[in-house]
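[1] Provided below for reference: sequence and predicted model.
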Amino acid sequence: MIKTAFPKACAALLVLSLSHGQAAAQDAPSPGAEGGAYVRTVDAPFDDVSFAVEQGITNEGLVIDLTSHVGDMLARTKEDVGGARDLFAHADIFSFCSARVSREVMEADPANIRHCPYTIFVYEMADEPGKVMVGHRTYPGETMKPVNEMLTRLVDTAVE
């Protein structure tokens with residue numbers, strides 16, 4: 001289990017680090033942007049925002065397969081890997097799938113299986129308490145439009 005979860009957490013961390021720079025420049029970039037991320041910023045307690053994301057996912061009848069506590073992992077391993085500073089006050093990634101949306105995008109292009117499961121990240125930077133970033137990576141191509149729309153709707157609902 002650890003061997004398969006660790007690469008996913010690392011990939012998700014990369015998305016987090018890339019999206020943070022993007023979020024500073026603009027809130028909620030285009031959901032169809034190639035290789036980008038859709039990010040919203042909210043001034044609210046992390047636990048409230050994280051709970052709203054979790055509830056939004058489950059309220060649509062979706063099952064969260066994994067919640068990666070990336071912030072805890074980085075804090076716990078900081079000294080072991082030579083980390084110089086605390087990055088996140090909190091950082092979680094929710095992984096899940098939608099049978100309906102996945103069927104739609106994979107019937108359009110079976111190679112879209114490479115994008116499943118889908119994720120929504122929630123984080124608060126250590127040096128910016130109270131400012132919570134919520135978002136998802138944007139998937140390329142017209143066939144992935146239904147996934148981008150679903151994830152964007154979930155993020156927008158969570159921050160409202």
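    Alright, I've got the coordinates.
[2] rounded mean pLDDT for the strand or helix carrying Arg103, please.
    Using DSSP states H and E, the element containing Arg103 is helix 99-108. Averaging pLDDT along helix 99-108 gives 97.
[3] what pairs with the lengthiest strand in the chain, parallel or antiparallel?
    Secondary structure of the chain per DSSP state E: the longest strand is strand 88-97. The strands beside strand 88-97 in its sheet (DSSP bridges) come out as strand 63-68 (antiparallel), strand 118-125 (antiparallel).
[4] tabulate the CA atom coordinates of that strand in CSV.
    Output in CSV follows, covering the C-alpha atoms of strand 88-97 (Å, rounded to 0.1, in the frame of the first residue of the first chain):
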residue,chain,number,x,y,z
PHE,A,88,2.0,24.0,4.8
ALA,A,89,0.0,24.6,7.9
HIS,A,90,-2.4,22.0,6.5
ALA,A,91,-2.6,20.2,3.1
ASP,A,92,-4.9,17.3,2.1
ILE,A,93,-5.7,15.7,-1.3
PHE,A,94,-9.0,13.9,-1.9
SER,A,95,-8.9,11.1,-4.5
PHE,A,96,-12.1,9.7,-6.0
CYS,A,97,-13.8,8.7,-9.2
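[5] what's in contact with it?
    8-9, 12, 16, 46-47, 50, 53-54, 57, 62-71, 74-75, 116-126, 129 (CB atoms under 8 Å, 6 or more residues apart in numbering). Placement of C-beta: from N, CA and C, glycine included.
[6] buried subset of those residues as a PyMOL selection?
    This is how PyMOL selects the buried members of the contacts of strand 88-97, with burial counted by 16 or more other CB atoms under 10 Å:
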select buried, resi 9+12+16+46+50+53+54+57+62+66+68+70+71+74+75+118+119+120+121+122+123+124+125+126
